[in-house]
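Q: give me the fold of what follows.
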Amino acid sequence: MSTAYIYFDESGDLGFDFSKRGTSRWFIVTFLVCANKRLVEKVVSKTFLALPSKVRKRHSGSLHAVSEKSLTRKRMLALLSGKDIQIMALRIDKGKIALPSDYRESILYAGLVQMLLRECIHLVSDDFDSIVFIASRKETNRANKEHFIKTLQAVGTTRDVAIEVVVVPHAFEKGLQAVDFVSWSIFQKYERGDSSYVDLLGDKIIFDEEADKTPPTLSLNLRKGS
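A: Okay, the predicted model is just below:
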């Protein structure tokens, strides 16, 4: 048995005011799962080194799909498609979600990630006995961050899988840069109707589902104090 590394990212936003410019219809959480971190890190390094030298000199060194050119995005995705990885995504169409009056964005966020993690463990538990879950450091509220970590660790407890949650800046883990490109490409398919990027990943996507209109775990966890 061995350890699975799960790199996590999300695309879209959790705003529900569609009259507000920039509010997305879809919100997507994405996992990139692998047993060998080094393979993914090499893909990111190779993608960066393929940039023109003039671009590399003024680049931050941390790749973000939204900021890169189409060629770079496609190069990253094509390279990932040749590696031993698995990709999973869970999405919600916000137009179908009925929110309680005390809706909290952080609770919905953690609930969706928890749902996908349960599915992930179900699909890969025969191959791994522990998980290192790696996410970008975006949440500045300490209580929300602690709730997020405890929510994920609770899944491991119920499934008898040890889960270590690591929250670091995007630039610190090349795998986070890789899953950023993956999540961005899936978002383009549903939000923009452009599947040209995600199609490059081929059969690496083993799970891509829309959450039910009122998933039980979301209905339960959306309440304050739950």
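
Q: and stretch 18-37, how far apart are its ends?
A: 39 Å (Cα to Cα, to the nearest Å).

Q: and that stretch, how far from the chain's centre?
A: 6 Å (Cα atoms, centre = their mean, to the nearest Å).

Q: average pLDDT for that stretch?
A: The average pLDDT within stretch 18-37 is 95.

Q: list the buried residues in that stretch.
A: 24, 26, 27, 28, 29, 30, 31, 32, 33, 34, 37 (16 or more other Cβ atoms under 10 Å). C-beta here means a position set from N, CA and C on the backbone, and glycine is covered the same way.

Q: between the residues you listed, which is nearest residue 47?
A: residue 32 (14.3 Å; Cβ to Cβ).

Q: remind me what the helix or strand hosting the closest one packs against, helices and strands.
A: Assigned by DSSP states H and E, residue 32 belongs to strand 26-34. Applying 3 or more Cβ pairs under 8 Å, 6 or more residues apart in numbering; DSSP states H and E, one finds that strand 26-34 makes contact with strand 2-12, strand 85-93, helix 105-124, helix 174-187.

Q: can you list the strands that it pairs with?
A: strand 2-12 (antiparallel), strand 85-93 (antiparallel) (DSSP bridges).

Q: mind checking the backbone torsions on the residue nearest to residue 94 when sequence neighbours are not counted?
A: Leaving aside its chain neighbours, residue 94 sits nearest to residue 16 (5.7 Å; criterion: Cβ to Cβ, 6 or more residues apart in numbering). Residue 16 adopts backbone torsions of phi -120, psi 10, taken as degrees, to the nearest 10.

Q: report the secondary structure state of residue 22.
A: coil (DSSP: H, G, I helix; E, B strand; the rest coil).

Q: distance of the closest residue to it other than its chain neighbours relative to residue 149?
A: Here the nearest residue to residue 22 in space, its sequence neighbours aside, is residue 13; by Cβ to Cβ, 6+ apart that works out to 7.6 Å. Distance of residue 13 to residue 149, given as Cβ to Cβ, to the nearest Å: 22 Å.

Q: and if you look at residue 66?
A: Note on residue 66: its distance to residue 149, by Cβ to Cβ, is 26 Å.

Q: out of the two, which sits in the more crowded spot?
A: Under the neighbour definition other Cβ atoms under 10 Å, residue 66 and residue 149 were set side by side, and residue 149 has more, 19 against 10.

Q: by mean pLDDT, point me to the weakest helix or strand of this structure.
A: helix 216-221 (a mean of 50; mean pLDDT, DSSP states H and E).

Q: show me what contacts the residue of the chain most remote from its centre?
A: Most distant from the centre of the chain: residue 54, at 30.6 Å, with distances by Cα atoms, centre = their mean. If you count contacts by Cβ atoms under 8 Å, 6 or more residues apart in numbering, residue 54 has none.

Q: check which helix or strand it maps to.
A: helix 53-58.

Q: low-confidence ranges in the protein?
A: 1, 125-126, 139-140, 212-226 (pLDDT under 70).

Q: ok, 90 please
A: Residue ranges of the chain with pLDDT under 90: 1-2, 16-17, 95-111, 121-130, 136-162, 171, 211-226.

Q: no more questions from me, cheers.
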